[in-house]
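Q: Whatever this is, show me its structure:
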Amino acid sequence: MATLIESCAGRQLSFPLISTLEIRGGSTKTSTIASSTKVDIESIGSNEVLRVAFQGEPGAYSEKATRELLGEKVLAVGRPNFEACFRAVASRECDYTCLPVENSLGGSIHENYDLMLRYDLTIVAEHEFRVKHCLLVKKGVKREDIKYAISHPQALAQCDNFLRGLGITPVPTYDTAGSAKMIAEESSMPPGCTPENTAAIASDLAGKIYGLNCLDKGIEDDDTNFTRFLLLARAGVSSFLSKKIPAKTSIVFTLPDTAGALYKALACFSLRDIDFSKIESRPTSASLLNFLKFRSQQKGRKTRNKADMPRFRYCFYLDFLSGELNENSQNALAHLREQADFVRILGSYPQKSRLVGPVANEVEKLKTMEAIGPVSVDSLPSDLEEGKSLQIGIIGFGTFGQFLARRFVKQHKVRCTDQLDKSADADNIGVDYFASYDMANFLKGIDVLVLAVPLVEFENVVLSLPTDSLRGKLVVEVCPLSSHPKAILLRHLDQDIDIISSHPMFGPGVHDDPYSTATWDGRPFVYEKVRVTDVRRCETFLEIFGEARCQMVEMTAEQHDTSTADAEFVTHLTGRLLDHQLLPPTPVTSKEYAALCDLADMTSSDSFDLFFGMFKFNDRAKEHLNKMRDNLAKVERQLAAKEAYMTASTEMKNADRQRLIAETKLLLQEIAKSGDIAAIPSNEKIDDNSR
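A: Here you go, the predicted model:
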């Protein structure tokens, strides 16, 4: 079944769907429609269609929870996994996503907590959903005909006693609603299972959607089975929470590895009489751990040693019963930020399924609409683009641009342009070359534009680009300093142009194979999603570095420069002070000498403009130069002082020896004059007893 829905951008989106049609007068007709019937929802009004993503097939418990919270008239969009739900909202294909975060029997769903850290969405509502399992069969099938029950393993476990009592064998499948779909479509069923001998354990909504009979309802062994769902959106509702509305705030934070750190953090709230409803810890995600390592390096030299970083760092997820903007909450959060390494507010929202602000307004509008009833879709236009290769354009095809291109061409189509003729280099790599005067054709059809130009030329290059040709594209800068390029891109590019500020903290070395994964494996790739509307395209581009096993570190451009700009400048300065005359080849080398050779090779392959950009746009560069000069002078003084000391010491020893010899001669001469020596014959032994 297909329906045409006009998106907020004004374009037509075509969704294949399974629909439950509500007939006025009380009865409900359910059917699975497979082909050309169209339900025209344009008459509802494009701005009034509320699109909510959920995980699973149409009829899943997540969809039922969504409709309980927001009403039957929302457009429920089924996604294959939790991350796809986050992407749908972040890319503006959906307005909200309703996701489970914890179950009273099964515990927390940690994947969604991790995804809340990765995506910039905020919690706007919560809903406690009572899970009631139903035994669904094809029409005409009786209870005594059932030999097998198919469903998600967790649902089967929750109905174990019921199934044992009827002698039904449980067979696990990927999804509850998906099991109902298998029976309805009579396809992809497990071995031995047929629509005539198999029941599905799923929601009553799944039964209605797929046209199945419900033989029993509430067959779960424990009637305290509740799942807590969160509604997430791109904008929060904390400003709509009045003092009369019971509110809840969800936060995540990390703490230093010190005694009593958690006690002090919780005291920030307990001292202000703020109650908790949940606290849980789990190991940090890889990207957050990398961020914490960078933060730690700013605090002292000792943190450079990996042994100083604990192998496990934990995030603490805390729900407290107060609004974010409450005065006590503000003070508690400020106090917590003094104690913690990292704090993020996941959302401040009303308790117990209450809706406020724009969410409540949109739901109220839906109630007045003339709708066809519950409608579920299981695909989005972006699904057609999944796995599609990107068209990547590179401006600046020098050493580093070519280094990136060698990786990009493995999975994507790449083109380049440069002020110099780089056609031969481009042909060797398999990249299409465009002359600099042919910029219009170069930009035509590309998805991602990578600016691999020196910092000193960056603004001129951006100003020379035709802005109209960049609309709807992703622009990525890969400069060693990020704050300056980020500011230029935000200043000169329109709002409909996506921006990523990044720094691959590695490059081509003389001894490295540019095609080798080892060149990228474990190397830091620091990035900031400055402005992203097309999340799928952004993630596809970042996956190039993730699949090369780079250490992905997400932080702001300002944090990056504070953490690494000085170190990068000093590194390149040191490399440029060294040359091959100072580092001659030797048959036997130490690790330290080899590291210096690699450093000199790396910096010699970079252009001087790159190094000059590090100098010009780093406010502390001159200070580092002066410090390097002072340190060199200090070492020279220390060497000169040590040399003078050693010379003086040697001269003093020689002078003392000469003086001792002279004194000995004088003493012998005085003894000789006194005649004492003559009394003893030189060839006669001295008798000790005679003395």
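Q: where does the stretch 1-150 of the chain have low pLDDT?
A: 1-48 (pLDDT under 70).
Q: mind listing the strands for it?
A: 2-6, 12-22, 28-30, 38-40, 51-55, 75-79, 96-103, 107-108, 122-130, 134-137, 148-151 (DSSP state E, counting those that start in this stretch).
Q: which helix is the longest one in the protein?
A: What stands out as the longest helix in the chain, according to DSSP state H, is helix 621-674.
Q: since we're on Asp204, how many residues are nearby?
A: 17 (other CB atoms under 10 Å). No exception for glycine: its C-beta is placed from N, CA and C like everyone else's.
Q: quick one: low-confidence ranges for the stretch 351-500 of the chain?
A: Checking the stretch 351-500 of the chain against pLDDT under 70 turns up 370-373, 385-387.
Q: Tell me how many other residues crowd Val586.
A: You called it Val, but residue 586 is Thr. 10.
Q: Which residue is the nearest non-sequential neighbour of it?
A: Leaving out its chain neighbours, the residue that sits closest to Thr586 by CB to CB, 6 or more residues apart in numbering is Tyr593, at 7.3 Å.
Q: would the one you found count as being in a helix?
A: Yes: according to DSSP: H, G, I helix; E, B strand; the rest coil, the state of Tyr593 is that of a helix.
Q: So it sits against Leu582, correct?
A: No: contact criterion CB atoms under 8 Å: Tyr593 and Leu582 do not qualify, at 11.0 Å.
Q: and those two? which has more neighbours close in?
A: Tyr593 (12 against 9).
Q: isn't Tyr174 right next to His152, touching?
A: Yes: taking contacts as CB under 8 Å, Tyr174 lies within contact range of His152: 7.2 Å.
Q: Just want to know which of these two has more residues nearby.
A: Neighbours were tallied for Tyr174 and for His152 using other CB under 10 Å; the higher tally belongs to His152 (21 against 15).
Q: Run through the residues that contact the closest residue in space to that one that isn't next to it in sequence.
A: Closest residue in space to His152, ignoring its immediate chain neighbours: Thr176 at 5.0 Å, by CB to CB, 6+ apart. Taking CB atoms under 8 Å, 6 or more residues apart in numbering, we find Thr176 in contact with Gly56, Ala60, Tyr61, Ser151, His152, Ala155, Ala200, Ile201, Ala202, Ser203, Ala206.
Q: mind running it again at 6 Å?
A: Neighbour list for Thr176: Ser151, His152, Ala155, Ala202 [criterion: CB atoms under 6 Å, 6 or more residues apart in numbering].
Q: These: which two are farthest apart?
A: Using CB to CB, the pair of the contacts of Thr176 lying farthest apart is His152 and Ala202, separated by 8.7 Å.
Q: Burial check on Met505, number of neighbours?
A: Here the count is done by other CB under 10 Å, and Met505 has 17 residues near it.
Q: Now do the contacts for the spatially closest residue to it that is not a sequence neighbour.
A: Nearest residue to Met505, sequence neighbours excluded (CB to CB, 6+ apart): Pro524, at 4.3 Å. Going by CB under 6 Å, 6+ apart, Pro524 touches Met505, Gln551, Val553.
Q: got the phi/psi numbers for Pro524?
A: phi -70, psi 130 (degrees, to the nearest 10).
Q: same deal with the one 3 residues further on?
A: Dihedral angles phi and psi of Tyr527 (degrees, to the nearest 10) take the values phi -150, psi 160.
Q: Out of the contacts of Thr176, the closest to Ile661 would be?
A: For those, the nearest to Ile661 is His152 (101.0 Å; CB to CB).
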